[in-house]
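A.B. asks: A structural model of the following input is requested.
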Amino acid sequence: MHDVSRRLRALLDAGIALNSELSLDALLQRLVETAAELTGAQYAALGVIDQSGRRLERFLTTGIDPETRAAIGDPPSGRGILGVLIRDAQPLRLDDIGDDPRSVGFPPNHPPMRSFLGVPILQRGAAYGNLYLSEKEGSGSFTEEDLELTQLLAGQAAVAIDNARLYESATDWLRKFETMNEIGLALASELELTPLLELVSRRLRELIDARMVLIALPGAGGRLVVAAADGEGTYGLPGIQLDLDHSKMGGVLERARSERVDSVLEDPEVDQTTARRLGVQSGVYVPLVVGRQAIGVVVAHDHAGPDPRFDDDDVRLAEALAARAAIAVDLSQRVSQDAMRKVVQAQELERTRLARELHDETGQALTSILLGLKPLEGVADADARAAVAAVRELVVSTLQDVRRLAVELRPSALDDLGLVPAIDRLAQTVAETGMRVDVEAHIGDERLPQSVETTLYRIVQEAVTNVARHSGAERLSITLMRKNGAVVAIVEDDGKGFDPASTGSDGLGLVGMRERLALVGGTLRIEAAAGAGTTIAAEVPVT
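C.D. replies: Numbers count the residues shown, from 1 in each chain. Prediction:
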């Protein structure tokens, strides 16, 4: 009776001690040691069951020294007698483990064990793990009293584990909340897009403990461009283009909702070649949403640890960070666009000033020189007349170049008469080179907004210049038309064409065209192939 009271007192003290332990790791180790002490077991272990409910993900022991543990090798995963408790979640008491037909024996270097007591630790009806006890002191078997005490201890442990989990979860969320605030402040102070995206990818990877994080933004030609990446194996990924219509990122961007993928190899939207090359197993895909519009996608791959899958908390954290990042990215893009708009406006003003000076000052000065040469053309000396004629020819050529340059800088027809007359004048200039140029306009007589006229003229001018310099075309057509609340400018040629996906295409001014169009909400479409000519279509909405 005295021994029973002592053990009950020890059980009560153990319960108090367990509930005062807030570190889950320390709590589990203390639980193993307490179970051995209460029952007189030489060896004790606690196996934590994984999310599948079929295997052990952790195995804590007492009674086995580090050298023996190292000699045994990998911890058990849940076969044999240990697996019986995982499947049945019922107490199990054996006089001799080896006599049970379900036993699979012990690995080499494992100490001999005969008597066995196993008790599940249940949390809200589900098994969290199991307590395993072996080798009762005195070489006897575990008693019914041992079983009852261990079950009481397991019940107390379930409550203590809950408390420790809640504490660690609350502490973890507090830390993550503080981190989110720090990230929010950092995002608010960063306006450059590239450093901003690098910050988001790095902090998200740290926040949810991912192996790698990628951020992709919509690019030209219906493509997604990886704008930032952080983590293992991401070197060289920024700048890679992805298919918008046939990729997981593109699907998430279109649907504008988060998705968690536990196995990327089983998702039909995932590019399996890329997934295998990167060696990724799981993923969290979160769109960057402003208003109701997705402006990018953040992807995290492979949670650190034995299980690469992310959980619901990881998704919520990624969404919270993405919400802050989306606002910062949108602001950065707006600031960048506003800066670009001011640069373009300043360029147009400077072009106008230079064109006016060339026309009014330089042109008039050259005309005055021509008039001054007139009296000298009748001199008697033949050599002098030849010299005057040569100077006159040079001045006339220079005057033509000045007028052409003034028109290229800012045609007066664009400001005075509108888009169609300015493009007609541009076509006439190109036709003087021997190329056949056709202009067809169906946009009505009403003037378009100045920003639209300037943008479309510059796009057509750039495209026509490219045709004249690079295409070897014999025929060029320029078409202006209205289409569903927009004005479309189409430039087609029968030249040698080019590969729009090649890096050299930037030299054709395509990036500048897209940037100009983006300022007025427009889009650029390119159809080209080697030897098959080129079609460039610019579309700008007109309200």
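
A.B. asks: Any idea what the residue nearest the centre of the chain is bridged to?
C.D. replies: Compute the mean C-alpha point of the chain, and by C-alpha atoms, centre = their mean the closest residue is Ile215, 1.5 Å away. On the basis of DSSP bridges, Ile215 is bridged to Ala228, Val298.

A.B. asks: again with Met481
C.D. replies: On the basis of DSSP bridges, Met481 is bridged to His442, Val488.

A.B. asks: and the nearest residue to Asp267 once chain neighbours are set aside, what does it touch?
C.D. replies: Counting by C-beta to C-beta, 6 or more residues apart in numbering, Val261 is the residue found nearest to Asp267 once chain neighbours are left out, at 5.0 Å. C-beta here means a position set from N, CA and C on the backbone, and glycine is covered the same way. Taking C-beta atoms under 8 Å, 6 or more residues apart in numbering as the criterion, Val261 is in contact with Lys248, Asp267, Val270, Ser282, Gly283, Val284, Tyr285.

A.B. asks: so what's the fourth one scoring on pLDDT?
C.D. replies: In the predicted model, Ser282 carries a pLDDT score of 92.

A.B. asks: show me what contacts it?
C.D. replies: If you count contacts by C-beta under 8 Å, 6+ apart, then Ser282 has Val261, Asp262, Ser263, Val264, His301, Asp302, His303, Pro308, Arg309, Phe310 around it.

A.B. asks: Now, of those residues, which are buried?
C.D. replies: Val261, Val264, His301, Asp302, His303, Pro308, Arg309, Phe310 (16 or more other C-beta atoms under 10 Å).

A.B. asks: For the residue nearest to Asp267, list each beta-bridge partner.
C.D. replies: Note on Val261: beta-bridge partners by DSSP bridges are Gly283.

A.B. asks: Would you agree the residue nearest to the centre of the chain is in contact with Ala229?
C.D. replies: Yes - in this structure, Ile215 is within contact of Ala229 by C-beta atoms under 8 Å, at 7.3 Å.

A.B. asks: Just want the phi and psi numbers for the closest residue to Gly129 other than its chain neighbours.
C.D. replies: Among residues not flanking Gly129 along the chain, Val48 sits closest, at 4.4 Å (C-beta to C-beta, 6+ apart). With angles defined as degrees, to the nearest 10, Val48 sits at phi -90, psi 130.

A.B. asks: what pairs with Val48 across the strands?
C.D. replies: Beta-bridge pairing for Val48 (DSSP bridges): Arg58, Gly129.

A.B. asks: Was I right to think it contacts Leu28?
C.D. replies: Yes - if you go by C-beta under 8 Å, Val48 and Leu28 touch, sitting 7.3 Å apart.

A.B. asks: Who has more neighbours out of those two?
C.D. replies: Leu28 (23 against 17; other C-beta atoms under 10 Å).

A.B. asks: Please tell me I have it right and that one contacts Thr62.
C.D. replies: No - here Leu28 does not reach Thr62: they are 10.9 Å apart, not a contact under C-beta under 8 Å.

A.B. asks: Following the one helix or strand Val439 maps to in sequence, what is the next regular element?
C.D. replies: Per DSSP states H and E, Val439 falls inside strand 436-442. Following strand 436-442 in sequence order, the next helix or strand is helix 450-466 (DSSP H and E).

A.B. asks: Specify the residue ranges that define each domain of this structure.
C.D. replies: With automatic domain parsing as the criterion, the domains of the chain are listed as 2-169, 188-332, 414-543.

A.B. asks: Quick check: the gap between Arg255 and Val289.
C.D. replies: As for Arg255, its distance to Val289 is 11 Å (criterion: C-beta to C-beta, to the nearest Å).

A.B. asks: make that Lys374, sorry
C.D. replies: 72 Å.

A.B. asks: if we can go back for a sec, could you identify the most distant pair in the buried ones among the contacts of Ser282?
C.D. replies: Using C-beta to C-beta, the buried ones among the contacts of Ser282 reach their maximum pairwise distance at Val264 and His303, which is 12.8 Å.

A.B. asks: wouldn't Pro107 be in contact with Arg69 here?
C.D. replies: No - if you go by C-beta under 8 Å, Pro107 and Arg69 don't touch, sitting 11.4 Å apart.

A.B. asks: what stretches of the stretch 351-500 of the chain score poorly on pLDDT?
C.D. replies: 351-361, 363, 380, 399-400, 402-411, 413, 499-500 (pLDDT under 70).

A.B. asks: ranges for the helices of it?
C.D. replies: Using DSSP state H, counting those that start in this stretch, the helices assigned to the stretch 351-500 of the chain run over residues 363-373, 382-409, 412-416, 419-431, 450-466.

A.B. asks: And those helices: which comes nearest Ala325?
C.D. replies: Closest among these, once you apply C-beta to C-beta, is helix 450-466, at 30.2 Å.

A.B. asks: helices or strands up against the closest one?
C.D. replies: In terms of contacts (3 or more C-beta pairs under 8 Å, 6 or more residues apart in numbering; DSSP states H and E), helix 450-466 is packed against helix 412-416, helix 419-431, strand 475-482, strand 486-493, helix 510-519, strand 534-541.

A.B. asks: List the buried residues of the third one.
C.D. replies: Spelled out, it's strand 475-482. If you call a residue buried by 16+ other C-beta under 10 Å, then strand 475-482 has these buried ones: Leu476, Ser477, Ile478, Leu480.

A.B. asks: Tell me the spacing between the third one and Asp95.
C.D. replies: Put plainly, it is Ile478. Applying C-beta to C-beta, the value for Ile478 to Asp95 is 96 Å.

A.B. asks: mind checking pLDDT for the closest residue to Leu278 other than its chain neighbours?
C.D. replies: Counting by C-beta to C-beta, 6+ apart, Leu278 lies nearest to Gly233, which is 6.0 Å off, once chain neighbours are set aside. Listed pLDDT for Gly233 reads 83.

A.B. asks: who's in contact with Gly233?
C.D. replies: Applying C-beta under 8 Å, 6+ apart, the residues near Gly233 are Arg211, Met212, Leu278, Gly279.

A.B. asks: In PyMOL, select just the buried ones from those residues.
C.D. replies: In PyMOL, this line selects whichever of the contacts of Gly233 come out buried by 16+ other C-beta under 10 Å:
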select buried, resi 211+212+278
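
A.B. asks: Now distance to Ala489, pLDDT and secondary structure too, for the contacts of Gly233, in JSON lines please.
C.D. replies: Shown next, in JSON lines, are the contacts of Gly233 (distance: C-beta to C-beta, whole Å; pLDDT from 0 to 100; DSSP: H, G, I helix; E, B strand; the rest coil):
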{"residue": "Arg211", "distance to Ala489": "47", "pLDDT": "93", "secondary structure": "strand"}
{"residue": "Met212", "distance to Ala489": "42", "pLDDT": "93", "secondary structure": "strand"}
{"residue": "Leu278", "distance to Ala489": "41", "pLDDT": "87", "secondary structure": "helix"}
{"residue": "Gly279", "distance to Ala489": "46", "pLDDT": "88", "secondary structure": "coil"}
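
A.B. asks: List just the nearest of the contacts of Gly233 to Glu137.
C.D. replies: Arg211 (47.0 Å).

A.B. asks: shouldn't Glu474 be in contact with Lys496?
C.D. replies: No - if you go by C-beta under 8 Å, Glu474 and Lys496 don't touch, sitting 11.1 Å apart.

A.B. asks: circling back: settle it for me: which of Arg255 and Val289 has more neighbours?
C.D. replies: Between Arg255 and Val289, counting by other C-beta under 10 Å, Val289 is the more crowded of the two (20 against 12).

A.B. asks: tell me the contacts of Leu305?
C.D. replies: Let me fix one detail, which is that residue 305 is Gly and not Leu. Here Gly305 is in contact with Asp209 (C-beta under 8 Å, 6+ apart).

A.B. asks: Now do Ile295: how many residues are near it, please.
C.D. replies: So Ile295, with other C-beta under 10 Å, has 17 neighbours.

A.B. asks: Is it in a helix, a strand, or coil?
C.D. replies: The three-state label given to Ile295 by DSSP: H, G, I helix; E, B strand; the rest coil is strand.

A.B. asks: can you tell me which residues contact the nearest residue to it once chain neighbours are set aside?
C.D. replies: With sequence-adjacent residues excluded and distances taken as C-beta to C-beta, 6+ apart, Ile295 is closest to Leu288, at 5.2 Å. With contact set as C-beta under 8 Å, 6+ apart, Leu288 has these partners: Ile215, Ala294, Ile295, Gly296, Val297, Val298, Ala322, Ala325, Ala326, Val329.

A.B. asks: Good, wrapping up.
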